[in-house]
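[1] Give me coordinates for this.
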Amino acid sequence: MSEDPPISVIEQPIGIGGTVREHHWSWKGKPLTLVYEMMGEGKPILLLPALSSVSSRSEMRGLAKQLADNYQVYAIDWVGFGDSSRPSIQYTPALYETCLRSFVQTMFSEPVVVIAAGHSAGYVMELAQRQQPWEWVVLVCPTWRGPLPTAMGEYRWAYRLLQGLIGLPLVGQFLYLLNTTRGFLKMMYERHVFADKQNVTPDLLDRKWKTTKRKRARFASAAFVTGALDQVRSSQDWFNWFQPLPVPVMMVIGEEMPAKSRQEVEILAHFSGVQVYRMPGSLGLHEEYPEQLAAGILAFLEKYRSRKRKF
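    Numbers count the residues shown, from 1 in each chain. Model (predicted):
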């Protein structure tokens, strides 16, 4: 296992409360930096935050603290989000597949446990099919389709136009501003992300809003919202990644997940070999209820490792 030297300056050092480092790599000849954070000791566990307009490793803070008592936890900021590089380039699934593969190959010398929230699930399962880098996979409220295609339908040509508009200097900044106001973030958190409105506090919204104000943050955000980071275009293609399962997979289902997302995960629960853990929460349950999530993950992981020791 290799490590890069610690970094000295971060714009907003919130994170998970551990040691902040950088992983350097390149994409089509352009140098990029992926910021990650480590805490705890023991066998490694990789935490992948959900892709969203407010994506940041800090959403994994509570879960990381629970796991760090027994494991060495790694939490990343995806490129285009958080403290990682946010260049004004075309954000594609291939970029994120390469990003994740580069980090895993550099950091871990043996298969690692990975916990992926939301849209990160697809990148984990895609890499599982290709290289088998995972010892055990936890998918927390997994999704495969971006917000606009989910809500409005498969009008991909229109979403590409919108993504292009958001990339423009003035018009794009204005459109991005409209969709990242505190009021809009509050509405989205109360409808789709958190289950208990009382947990959508002014402090939480302020932190999320500040995340959206980072320089060049709109490019990756627009790609996610418009579905440009979707690796597949149909439910069947998504289900095929689980037939058969390339590694042991635990899927966490939040009881208050949005209807369309809940329907997809329930199909997987019934027609694939995933282990299922049900608990309160919606798409952001890893941030809202980290203690209960950690308890479920640790219990399943201990059972899995106990069976391995027997054989």
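[2] Let me know the secondary structure of the spatially closest residue to Ser55 that is not a sequence neighbour.
    Nearest non-adjacent residue to Ser55, counting by C-beta to C-beta, 6 or more residues apart in numbering: Phe81, 4.1 Å away. The way it works is simple: take the backbone N, C-alpha and C, and place the C-beta from them, glycine included. Assigned with DSSP: H, G, I helix; E, B strand; the rest coil, Phe81 falls in the coil class.
[3] List the contacts of Phe81.
    Applying C-beta atoms under 8 Å, 6 or more residues apart in numbering to Phe81 gives the contacts 49, 51, 55-56, 211, 217, 220-221.
[4] so Pro31 sits in a strand?
    Yes. Per three-state DSSP, Pro31 lies within a strand segment.
[5] which element is the residue nearest to it when sequence neighbours are not counted on?
    Counting by C-beta to C-beta, 6+ apart, Pro31 lies nearest to His24, which is 6.6 Å off, once chain neighbours are set aside. His24 is part of strand 19-27, with elements assigned from DSSP states H and E.
[6] Dump the helix or strand hosting Val265 to PDB, restricted to CA.
    In the assignment (DSSP H and E), Val265 maps to helix 259-271. Coordinates of each C-alpha in helix 259-271 appear next as PDB, following Å, rounded to 0.1, in the frame of the first residue of the first chain:
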ATOM      1  CA  ALA A 259     -40.500   5.800  -5.300                       C
ATOM      2  CA  LYS A 260     -38.600   5.200  -8.500                       C
ATOM      3  CA  SER A 261     -35.300   4.600  -6.800                       C
ATOM      4  CA  ARG A 262     -37.000   2.300  -4.300                       C
ATOM      5  CA  GLN A 263     -38.600   0.300  -7.000                       C
ATOM      6  CA  GLU A 264     -35.300  -0.400  -8.700                       C
ATOM      7  CA  VAL A 265     -33.500  -1.600  -5.500                       C
ATOM      8  CA  GLU A 266     -36.400  -3.800  -4.500                       C
ATOM      9  CA  ILE A 267     -36.100  -5.600  -7.900                       C
ATOM     10  CA  LEU A 268     -32.500  -6.200  -7.200                       C
ATOM     11  CA  ALA A 269     -33.300  -7.400  -3.700                       C
ATOM     12  CA  HIS A 270     -35.700 -10.000  -5.000                       C
ATOM     13  CA  PHE A 271     -33.900 -11.200  -8.200                       C
END
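[7] helices and strands around that helix, which ones?
    Packing partners of helix 259-271 (3 or more C-beta pairs under 8 Å, 6 or more residues apart in numbering; DSSP states H and E): helix 235-240, strand 249-254.
[8] Of these, which is nearest Phe103?
    strand 249-254 (20.3 Å; C-beta to C-beta).
[9] what comes into contact with the closest one?
    If you take C-beta under 8 Å, 6+ apart as the criterion, strand 249-254 is touched by 136-142, 195, 242, 262, 265-266, 268-269, 272-283, 285, 293, 296-297, 300.
[10] Okay, Glu41 and Glu110: tell me how far apart.
    From Glu41 across to Glu110, the span is 16 Å (C-beta to C-beta, to the nearest Å).
[11] Those two: who's more crowded?
    More crowded of Glu41 and Glu110, by other C-beta atoms under 10 Å: Glu41, with 12 against 9.
[12] which residues pair with the nearest residue to that one once chain neighbours are set aside across the strands?
    Distance criterion C-beta to C-beta, 6+ apart; nearest residue to Glu41, sequence neighbours excluded, is Gln72 at 5.4 Å. Under DSSP bridges, the beta-bridge partners of Gln72 are Pro44.
[13] Which parts of the stretch 151-300 of the chain are strands?
    Secondary structure of the stretch 151-300 of the chain (DSSP state E, counting those that start in this stretch): strands located at 249-254, 275-279.
[14] Most tightly packed of the ones you listed?
    strand 249-254 (a mean of 23; mean count of other C-beta atoms under 10 Å).
[15] Give the partner strands of that strand in its sheet and their orientations.
    Strand 249-254 has the following strand partners under DSSP bridges: strand 134-140 (parallel), strand 275-279 (parallel).
[16] Please give me every residue in contact with Gly29.
    Going by C-beta under 8 Å, 6+ apart, the list of residues near Gly29 is empty.
[17] ok, back up a step: closest to Arg182 out of the helices and strands packed on helix 259-271?
    Arg182 sits nearest to strand 249-254 of all the helices and strands packed on helix 259-271, at 24.2 Å, using C-beta to C-beta.
[18] Just the angle for that closest one relative to helix 259-271, thanks.
    Here strand 249-254 runs at an angle of 140 degrees relative to helix 259-271 (axes from the mean of the first three to the mean of the last three C-alpha atoms, to 10 degrees).
[19] Dump strand 249-254 to CSV, keeping only the CA atoms.
    Once non-C-alpha atoms are left out, strand 249-254 reads as follows in CSV (Å, rounded to 0.1, in the frame of the first residue of the first chain):
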residue,chain,number,x,y,z
VAL,A,249,-22.7,-7.4,-2.2
MET,A,250,-24.7,-5.9,0.6
MET,A,251,-27.4,-3.5,-0.5
VAL,A,252,-28.8,-0.9,2.0
ILE,A,253,-32.4,0.1,1.3
GLY,A,254,-33.8,3.2,3.0
